[in-house]
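Asks: Pasting the sequence and the predicted model now:
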Amino acid sequence: EDKVVQSPLSLVVHEGDTVTLNCSYEVTNFRSLLWYKQEKKAPTFLFMLTSSGIEKKSGRLSSILDKKELFSILNITATQTGDSAIYLCAVLNNAGNMLTFGGGTRLMVKP
Amino acid sequence: GAGVSQTPSNKVTEKGKYVELRCDPISGHTALYWYRQSLGQGPEFLIYFQGTGAADDSGLPNDRFFAVRPEGSVSTLKIQRTERGDSAVYLCASSRGQGAYNEQFFGPGTRLTVL
């Protein structure tokens, strides 16, 4: 059975701190790994990673995939209160039709 | 439309009742997905449509759950004889097509509470 595990489960930091969120996976037919941010209900897309070692960057957020060790990290630098959310990692299967999600990391950024 | 929309946003029902949850995908998106998210967990895949047909329904938990997409656009998730364990947020997503490069856009979800 495909499995995606995220750590830590929750994290509390202060504005300006840097955080690293972890995602490890065991899947039979891996195609891509995706990161989403979920503030209220709808997860919003952050990154899609398909190749190892290539960092994707968007502002203060960056992510990288290691397909040999089967994990990905999401970094957020200079955190702001608006970064408070649940961050979800998901793996897309080879057919491209199913996302398997991890349990998420709940990040709280205090002023 | 601008994004995926779902109605109702909240639904409270009693155990044993029948409910229907609606999803309007982004215009032109051929692929549509239903997920269920229980409190404190990540979303779990339920069913995937490509056009009008359910291409993969392996995530539906039992035969009380059924989904349709008769015209290849709007989809309805139907739950019969609801149980308290069905309480969750039901998320719908759509994408231009299937495949690794077609991002899934999520709707705001329907929060279902079964009393």
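Replies: Okay, I see it.
Asks: which residues sit in contact with residue 103?
Replies: You didn't pick a chain, so chain A it is. A:Val5, A:Gln6, A:Leu9, B:Gly40, B:Gln41, B:Gly42 (Cβ atoms under 8 Å, 6 or more residues apart in numbering or on different chains). Any C-beta I mention is one placed from the backbone N, CA and C, and that applies to glycine too.
Asks: oops, I was thinking of chain B
Replies: B:Glu103 neighbours (Cβ under 8 Å, 6+ apart): A:Leu34, A:Phe45, A:Met48, B:Ser95.
Asks: which of those residues lies closest to A:Lys110?
Replies: A:Phe45 (26.2 Å; Cβ to Cβ).
Asks: Okay, buried residues for whatever helix or strand the closest one lives in please.
Replies: Secondary structure assignment for A:Phe45, by DSSP states H and E: strand A:43-49. Judged by neighbour count using 16 or more other Cβ atoms under 10 Å in any protein chain shown, the buried positions of strand A:43-49 are A:Pro43, A:Leu46, A:Phe47, A:Met48, A:Leu49.
Asks: contacts for the helix or strand following that strand?
Replies: Next in sequence after strand A:43-49, counting helices and strands by DSSP H and E, comes strand A:56-58. For strand A:56-58, contacts defined as Cβ under 8 Å, 6+ apart pick out A:Leu46, A:Phe47, A:Met48, A:Leu49, A:Ser62, A:Ser63, A:Ile64.
Asks: quick one, what contacts the most centrally placed residue in chain B?
Replies: In chain B, the residue lying closest to the centroid (Cα atoms, centre = their mean) is B:Trp34, at 3.2 Å. Taking Cβ under 8 Å, 6+ apart, we find B:Trp34 in contact with B:Cys23, B:Phe45, B:Leu46, B:Ile47, B:Tyr48, B:Ala67, B:Ser75, B:Leu77, B:Tyr90, B:Leu91, B:Cys92.
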